[in-house]
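Engineer: sequence first, then the predicted structure:
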Amino acid sequence: MAYRSPSLADIVTTLEVDRRGDRHFVATQLDNPAHHIVGGHIAGQALMAASRTAPGRIPHSAHVYYVRAGDARYPVDLHVDVARDGGTLSTRQVTARQNDQILLEALVSLSAPVESLDYQQPIPEVPEPDSLPPVQEQLAGFADELDGYWVRPQPFDLRYVDPPPRLAVESENPSPRLRMWWRPSESVPADEVLHSCLLAYLSGTTMVETALAMRSATPIGTFNALIDHALWFHRPADLSDWILSDQFSPSGIAGRGLTTSTMYNRAGQLVCLATQELYFGRATA
């Protein structure tokens, strides 16, 4: 059976975790043929749960450790501990459990608005997104592979500046850098917390590509699992327009790959910086 990506509506709906108590939430997962819980998705759910316990404050960072794999056919319990509420910053610890086993531990910091010095590094010089073809057009020559996996409809419109994974794997000199414009394939509610959760989801599913390229591999036939994932949210992300993700893999060692992503909005403002480390190898790690 051909693999179908989850719809954008399914992602948005499941990021809106179900509140069962002051600090207890239940998170529905997105099932797939391997029944694998997607790391970026459950990270976004943990971020949403933490934000629900700090009204009026917006997440500015999240640090996530993926402890063990879960089963996407079943929901996950999220428990939020209130570590601190200060004058400006709030800290939350989120523990995700399934069948009494810990799947994820996260620390989330949230902030009230503050007026202060504002500076950043400039956006890289890249072609405008409208001048680039959708990834499905870039990979049209591989439409017959894997039941159309490379050209399947996706919840995000992806416009690659650098070769996407299926093309990068053909290169004799793979690059550790991959730049890509993206935006949701449909409109999403104008909710700053939801947009941060969608950034977590997207970074969790695309940053692996830079490490895969250095291994001359693609997501197909390559076991990989997120070990940890950190995000810093600098400015609100307006997901009605394009976001540039400048992704880089500075190191790979001992079966692990380290990746980063710096995201900018269309106006050139720095929106988010993310890092993650992945494990490649045996599924029993």
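Structural biologist: Ah, there it is. Here the structure is a predicted model, which means the values were calculated and not measured.

Engineer: tell me where this structure has helices.
Structural biologist: Ranges of helices in the chain, per DSSP state H, are 8-15, 39-52, 135-138, 165-168, 192-206, 208-214.

Engineer: how about the strands in the stretch 51-200 of the chain?
Structural biologist: With DSSP state E, counting those that start in this stretch as the criterion, the stretch 51-200 of the chain has strands at 58-66, 76-85, 89-98, 101-111, 156-160, 177-184.

Engineer: H234 is nearest to which of these?
Structural biologist: Taking C-beta to C-beta, strand 58-66 is the member of those nearest to H234, at 7.9 Å. (Glycine included, C-beta is placed from N, CA and C.)

Engineer: mind saving the C-alpha coords of that closest one as PDB?
Structural biologist: What follows is strand 58-66, C-alpha atoms only, in PDB (Å, rounded to 0.1, in the frame of the first residue of the first chain):
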ATOM      1  CA  ILE A  58       4.400  32.400  24.700                       C
ATOM      2  CA  PRO A  59       7.100  29.600  24.400                       C
ATOM      3  CA  HIS A  60      10.600  30.900  23.700                       C
ATOM      4  CA  SER A  61      12.500  27.700  24.100                       C
ATOM      5  CA  ALA A  62      11.900  23.900  24.400                       C
ATOM      6  CA  HIS A  63      14.400  21.200  25.200                       C
ATOM      7  CA  VAL A  64      13.200  17.700  24.500                       C
ATOM      8  CA  TYR A  65      14.600  14.200  25.100                       C
ATOM      9  CA  TYR A  66      13.100  11.200  23.400                       C
END
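
Engineer: need the contact partners of it.
Structural biologist: Under the contact criterion C-beta atoms under 8 Å, 6 or more residues apart in numbering, strand 58-66 has outside partners 39, 43, 46-47, 50-51, 103-111, 113, 192-193, 196, 200, 225-234, 236.

Engineer: please name the residues that touch R52.
Structural biologist: So R52 contacts 17, 19, 25, 80 (C-beta under 8 Å, 6+ apart).

Engineer: considering those residues, which possesses the most neighbours?
Structural biologist: F25 (25 neighbours; other C-beta atoms under 10 Å).

Engineer: would you agree it is in contact with D18?
Structural biologist: Yes: using C-beta atoms under 8 Å, F25 is in contact with D18, at 6.3 Å.
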